[in-house]
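# Next comes the sequence, and after it the predicted model I'd like to discuss.
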Amino acid sequence: MHIQLVSDENGAPLYARQVNDKLLWLERSFLIDEGLPGNSMYKHLLHSPDTANYYGGVSFPGLGGITQCMDIQNTTECHVEIHKHVAKIIQRIFDAAKILDSKTYNVYV
């Protein structure tokens, strides 16, 4: 990953601040206010504790919950929910790419 950053006369403090801010906004870009489908307590789209095993983590936890719904019910509602959730994930990935591509550190998505 290449990050183009602007430095001040001293260089280091501004550089560290820019990297820190980019990482902060990158992480925040994957949080959703309403929470994950089936478990509104967890808000991170990419990673959360496993609902069956709290010691382990799960990647794309919302998709796992919705696919369980499809295994049990296989209704149109489950299909609509998975399409909505995948659209959210794709949009947040594009938002994260904008943050990484930005030339300044104060990017708000």
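Right, received. Where do you want to start?
# Identify the residues contacting the most centrally placed residue in the chain.
Central residue of the chain (CA atoms, centre = their mean): Phe30, 1.9 Å from the mean position. For Phe30, the contacting residues are 44-46, 92, 96, taking CB atoms under 8 Å, 6 or more residues apart in numbering as the criterion. Placement of C-beta: from N, CA and C, glycine included.
# ok, 10 Å please
Neighbour list for Phe30: 43-47, 88-89, 92-93, 95-96 [criterion: CB atoms under 10 Å, 6 or more residues apart in numbering].
# Just put the residues you listed in JSON lines and tack on distance to Ile72.
Compiled in JSON lines, these are given as follows (distance: CB to CB, whole Å):
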{"residue": "Lys43", "distance to Ile72": "24"}
{"residue": "His44", "distance to Ile72": "24"}
{"residue": "Leu45", "distance to Ile72": "23"}
{"residue": "Leu46", "distance to Ile72": "24"}
{"residue": "His47", "distance to Ile72": "24"}
{"residue": "Lys88", "distance to Ile72": "22"}
{"residue": "Ile89", "distance to Ile72": "22"}
{"residue": "Arg92", "distance to Ile72": "27"}
{"residue": "Ile93", "distance to Ile72": "28"}
{"residue": "Asp95", "distance to Ile72": "32"}
{"residue": "Ala96", "distance to Ile72": "32"}
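# For the residue nearest to the centre of the chain, give me phi and psi.
In terms of degrees, to the nearest 10, the main-chain angles of Phe30 are phi -100, psi 10.
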